[in-house]
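**Q** show me how the following folds:
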Amino acid sequence: MENNKIDGSSLAMAALDDIPQPKENAKHITGLVKESGTITGYQLSDGAVVSKEEGVQLAKAGEISGVGVAHRKDTEYLKSLPDGTENNNLSSLPTVKS
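**A** Here you go, the predicted model:
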């Protein structure tokens, strides 16, 4: 009997619209900017804070590593690429001020 089980990481990867190839010097996300619990931006490893839209464009250009691009309705946003580690998921990152 064939095993058709789909693991969680495969499902998570399938939910992404784009998985950009990061450049060698790509930054990573170290914090989230939130307004009323909604992510509105990202803090990058160089200390820069960018809007959610800027973060998506930077990721698509290979400037941010460890993320893929997904969408909800007409809004694109970043999601962590599944790697089996919970502590680097975007939802586990601290909230920072913009």
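
**Q** could you use CA atoms for every contact and neighbour count after this?
**A** Will do.

**Q** residues in contact with the closest residue in space to A26 that isn't next to it in sequence?
**A** Excluding the flanking residues, the one nearest A26 by C-alpha to C-alpha, 6 or more residues apart in numbering is E63, at 4.5 Å. Neighbour list for E63: P22, K23, N25, A26, K27 [criterion: C-alpha atoms under 8 Å, 6 or more residues apart in numbering].

**Q** what does I39 give?
**A** Contacts for I39 (C-alpha under 8 Å, 6+ apart) come out as L32, V33, K52.

**Q** most neighbours of all those residues, which one?
**A** L32 (26 neighbours; other C-alpha atoms under 10 Å).

**Q** separation between A26 and A14?
**A** 23 Å (C-alpha to C-alpha, to the nearest Å).

**Q** on that earlier part again, can you read off the pLDDT for the residue nearest to A26?
**A** Reading off the confidence values, E63 has pLDDT 98.

**Q** one step back: as a markdown table, the contacts of E63 with distance to N87 and pLDDT would be great.
**A** Shown next, in a markdown table, are the contacts of E63 (distance: C-alpha to C-alpha, whole Å; pLDDT from 0 to 100):
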| residue | distance to N87 | pLDDT |
| --- | --- | --- |
| P22 | 20 | 95 |
| K23 | 23 | 96 |
| N25 | 22 | 96 |
| A26 | 19 | 97 |
| K27 | 17 | 97 |
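
**Q** show me which of these are buried.
**A** P22, A26, K27 (16 or more other C-alpha atoms under 10 Å).

**Q** make a markdown table from those and add secondary structure and distance to L93 to it.
**A** Listed next are the buried ones among the contacts of E63 as a markdown table, based on DSSP: H, G, I helix; E, B strand; the rest coil; distance: C-alpha to C-alpha, whole Å:
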| residue | secondary structure | distance to L93 |
| --- | --- | --- |
| P22 | coil | 20 |
| A26 | coil | 18 |
| K27 | strand | 15 |
